[in-house]
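Asks: sequence and predicted model, in that order:
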Amino acid sequence: MDDTHRAAVATFYAPGSWPERVALDEGASHHASVKRLAVGDPVRLTSGDGRRAHGTIAVLTRQRLEVDCDHASVELVPAPPHVALWAPVGDRERMLLLAEKSVELGVSAWRTMQYRRSRSVAPRGEGSAFREKLRSRMIAALEQSGGAWLPTIEPESSSLDAISSGISGHAILLDTFGAPIVGVLAEAHEPVVIACGPEGGLEAIERDAFADAGWRAASLGPNVLRFETAGIAGLTLARALLRPT
């Protein structure tokens with residue numbers, strides 16, 4: 001294509017294989033219209049599984065967006081060091097904010113945790129309908145950030161069931177009373193799992209379960225942070241400090 005060196009004006013999520021002309025869904029068409037894109041504009045495709053490529057809008061209507069893919073430009077992006085986030089069931093909008101920022105920071109996997117104090121939150125984000133909304137927000141964040149990897153969304157579970165199931169790698173619980181997180185991460189290597197507690201904090205049985213399962217408590221400072229703030233800060237430091245294996 002003669003426009004492969006032009007800067008892409010938007011990125012679109014396109015999972016699966018890419019034929020010469022990639023047909024996207026109605027949501028992508030709407031997004032392109034909102035951004036006032038037109039036939040001939042250069043765009044970028046991202047698969048969510050490590051592939052990115054340049055392309056050009058070939059068809060754009062209210063219901064259809066088709067992109068001519070430049071297969072010579074396909075880029076295979078290595079996965080970053082594996083960092084999973086265990087996020088609490090909490091206020092829906094704050095959970096969506098955390099999901100969005102987690103994708104921008106390159107989180108590898110997301111798991112929603114039902115803590116005991118999660119039950120008192122309203123309106124809270126849980127269930128299959130919210131899971132789809134969460135995924136949609138993640139896809140939008142992937143497109144906005146131009147990333148190549150969409151995180152795996154693991155099944156929602158109760159805190160005690162998840163903790164007892166065990167994990168492989170370094171398990172870090174964000175806790176005001178833990179050791180400074182910079183030092184904890186300096187000793188870690190992938191895979192890493194970072195857990196945020198719920199609004200109102202952990203109950204004693206949950207804190208004991210984390211400790212008994214070998215989780216390392218790590219502090220982000222003396223202030224009590226909202227779960228979404230803690231999650232964003234923890235992921236940011238993990239991305240900056242984590243050593244790949």
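Replies: Thanks, I have the structure now.
Asks: going forward, measure contacts between C-alpha atoms and count neighbours the same way
Replies: Fine.
Asks: for residue 148, which residues are in contact?
Replies: Contacts for residue 148 (C-alpha atoms under 8 Å, 6 or more residues apart in numbering) come out as 46-52, 77, 142.
Asks: farthest-separated two in the residues you listed?
Replies: Farthest pair in the contacts of residue 148 (C-alpha to C-alpha) is 77 and 142. Separation: 13.7 Å.
Asks: looking at those two now, which is surrounded by more residues?
Replies: A side-by-side neighbour count of residue 77 and residue 142, using other C-alpha atoms under 10 Å, places residue 142 first with 28 against 13.
Asks: my guess is that one meets residue 104, correct?
Replies: Yes. Using C-alpha atoms under 8 Å, residue 142 is in contact with residue 104, at 6.6 Å.
Asks: which helix runs longest in this protein?
Replies: Identified as the longest helix of the chain according to DSSP state H is helix 127-145.
Asks: ok, and what's touching that one?
Replies: 10-13, 46, 48, 96, 99-101, 103-104, 148-150, 153.
Asks: what about 10 Å?
Replies: Under the contact criterion C-alpha atoms under 10 Å, 6 or more residues apart in numbering, helix 127-145 has outside partners 10-14, 31, 44-48, 89, 92-93, 95-106, 112, 124-126, 146-153, 155-156.
Asks: the very next helix or strand once past that helix: which residues count as buried?
Replies: Remark: after helix 127-145, the chain's next helix or strand is strand 152-158, criterion DSSP states H and E. For strand 152-158, a neighbour-count test (16 or more other C-alpha atoms under 10 Å) marks 153, 156-157 as buried.
Asks: secondary structure element for the residue positioned nearest the centre of the chain?
Replies: Nearest residue to the geometric centre of the chain (C-alpha atoms, centre = their mean): residue 103, 3.0 Å. Using DSSP H and E, the element containing residue 103 is helix 92-104.
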